[in-house]
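Asks: sequence? don't have it. structure:
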C-alpha cells in the first residue's frame with residue numbers, strides 16, 4: 001500500500017503547473033458555459049444557450065433555407081458516395097461513414113430534404129407542410145437544434161477533454177453507482193441537460209460512449225433517464241399551459257418523479273439486459289476506482305490532470321469539434337426532419353395516439369383526475385414530440401389535470417422528434433421498440449407519483 005501511495009504521489013509531483021492550468025482553465029470556462037444558469041431576456045438558460053439564441057434571433061429568417069440547402073447537400077453527397085465512390089470520400093473513415101450509409105438512412109435523408117423543400121415552398125399536400133407538422137419541425141425545431149448543436153459541439157471539449165468529467169466522476173462515484181448504477185461522470189451529463197438542453201446531454205453521452213468512457217448499458221441508461229428537459233423549456237411548458245404561478249411545485253414534482261424513474265428503470269428490462277461492454281473499436285478508457293492509500297480528492301485531481309495532458313494542441317480539439325458539427329448537420333438533422341414530420345403527421349391527422357391511449361382512460365379515472373378521456377391522448381402523444389402534450393392539455397379546463405399533463409411531458413423524456421432520433425443515429429445499441437418500451441415504463445412509473453404530488457399542491 002505504501003509503495004502504491006508513493007508511486008501516486010511521485011506521479012502527482014511530476015505534473016507541471018501548466019498541466020494543472022490546462023485542467024483548471026478550460027474546465028472552469030466549460031462549467032460557466034454549460035452548467036451555470038444565466039438569466040437572459042427574461043428566462044433562465046446557460047451561456048451556450050445565450051450564444052445559440054443570439055445566432056438564432058439574428059438569422060431567424062434564413063435558418064430554414066440554410067438547413068434545407070444542407071439537407072439537399074446531404075442527399076447529393078450520399079448519392080455521390082454510394083454510386084461514384086470518389087477517393088476523397090472513400091479514403092476518409094469519417095466521410096465514408098457519414099455518406100456511404102445503409103438504405104434506411106439514405107431514404108430518411110431523401111425524405112428529410114423533400115419534406116423540408118415542400119415545407120419551405122409550401123408545395124404539395126398541406127398535411128406535410130402545415131404549421132403543426134413540417135412547419136413545426138423546419139421553423140421551430142430545426143433552428144433550435146442547429147444553433148444549440150453548433151455551440152454545444154464546438155464547446156463541449158471544455159467539459160470532456162480537459163479532465164472535468166474525470167474529476168467530478170471520481171468525487172461523486174459513491175453516490176451515482178449504488179443509487180443509479182452509473183459512473184460518477186454521468187452527473188455532468190445530467191447537469192448539462194438540466195441547465196441547458198436534453199439534446200446536449202444526449203450529445204455528451206453519445207460522444208463519451210463512442211470514446212470508451214461508458215459501457216453500452218451505462219450509455220443507454222444515461223441517455224434515456226438523465227436527458228432531462230432544461231429549466232428554460234420547463235418554463236415554456238408551464239406558461240403555455242397557463243400554470244406559471246405553479247412553477248416551483250411543478251418543477252419539484254418533475255425532479256422527484258424523474259429521480260424515482262431513474263432509480264427503477266435501469267433495474268428492469270430492457271435497460272437491465274444491456275451488456276456492460278465498451279464500444280468495441282475503442283475499448284475501456286477510464287476507471288473511477290480510487291486506489292488504496294490516496295484520498296479521493298487527490299486521485300480525482302490526478303485523473304483530471306492526466307486527461308488534460310493528453311490534449312496536445314488546440315488544433316486537435318478544434319478539428320474534433322468541427323467533425324462533430326458536420327456529423328450532426330449532415331447525418332442527424334435530415335433524420336429529425338423526416339421522422340419528426342412523420343411523427344407529427346401521425347399525431348395531428350390520425351387517431352393512432354387516441355386509440356393507443358384508451359387503456360389510460362380507466363387509469364386516469366382510478367387516479368380521480370378530471371376530464372380523463374381528454375387527458376388520455378396526452379399520456380402517449382409525447383412520444384412523438386415533447387411539446388404535443390402541452391398542446392392537448394391547454395384545452396383542458398381542470399388545472400390539476402393540466403398540471404399532471406405538463407409534468408408528465410417532461411418526465412417521459414423519450415420523444416422521437418429530438419431525443420429518439422439522436423439515439424437511433426448514435427452508436428448506442430438501442431432500438432425504436434426499446435425506446436417505446438422505456439417511454440411506457442417511465443409513464444407508468446411516474447404517473448401515480450405525479451398525481452399524488454399534484455393533489456398535495458392543489
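Replies: It's in. Note that the coordinates shown come from a computational prediction; the quantities given were computed from them, not determined experimentally. Numbers count the residues shown, from 1 in each chain.

Asks: So for stretch 115-132, what gets flagged as buried?
Replies: Using 16 or more other CB atoms under 10 Å as the test for burial, stretch 115-132 gives 115, 116, 117, 118, 119, 120, 128, 129, 130. Every C-beta, even on glycine, is put in place using the N, C-alpha and C of the backbone.

Asks: Quick one: low-confidence residue ranges for this protein.
Replies: For the chain, applying pLDDT under 70 flags the ranges 1-15, 43, 191-198, 229-233, 235-236, 286, 288.

Asks: Mind naming the longest helix for it?
Replies: helix 432-457 (DSSP state H).

Asks: now that helix, how far from the centre of its chain.
Replies: 19 Å (CA atoms, centre = their mean, to the nearest Å).

Asks: buried stuff in that helix?
Replies: In helix 432-457, counting by 16+ other CB under 10 Å, buried: 434-435, 437-439, 441-443, 445-447, 449-451, 453-454.

Asks: Next: stretch 318-338.
Replies: In stretch 318-338, counting by 16+ other CB under 10 Å, buried: 320-321, 324-325, 327-338.

Asks: Return the subset of the residues you listed lying in helices.
Replies: Per DSSP H, those map to helices at 320, 321, 324, 325, 327, 333, 334, 335, 336, 337, 338.

Asks: Out of the buried residues of stretch 115-132, list just those in helices.
Replies: Those of the buried residues of stretch 115-132 mapping onto helices are 115, 116, 117, 118, 119, 120, 128, 129, per DSSP H.

Asks: what about stretch 224-243, start to end distance?
Replies: End-to-end distance of stretch 224-243 (CA to CA, to the nearest Å): 27 Å.

Asks: Just send the ones in helices among the buried residues of stretch 115-132 back as TSV, with distance to residue 64 too.
Replies: Shown next, in TSV, are those (distance: CB to CB, whole Å):
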residue	distance to residue 64
115	12
116	8
117	11
118	12
119	8
120	6
128	15
129	11
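
Asks: Closest to residue 307 out of those residues?
Replies: residue 116 (39.8 Å; CB to CB).

Asks: Surely the closest one touches residue 134?
Replies: Yes - at 7.5 Å, residue 116 counts as touching residue 134 under the criterion of CB atoms under 8 Å.

Asks: Run a quick neighbour tally on the residue nearest to residue 130 when sequence neighbours are not counted.
Replies: Of all residues not flanking residue 130 in the chain, residue 348 sits nearest, at 7.6 Å (CB to CB, 6 or more residues apart in numbering). Residue 348: 18 surrounding residues under other CB atoms under 10 Å.

Asks: Same check on residue 94?
Replies: By other CB under 10 Å, 11 other residues sit near residue 94.

Asks: Enumerate every residue touching it.
Replies: 323, 327 (CB atoms under 8 Å, 6 or more residues apart in numbering).

Asks: related to what we said a few turns ago, which two in the buried residues of stretch 115-132 are spaced the farthest apart?
Replies: Checking those with CB to CB, the most distant pair is 117 and 130, at 15.2 Å.
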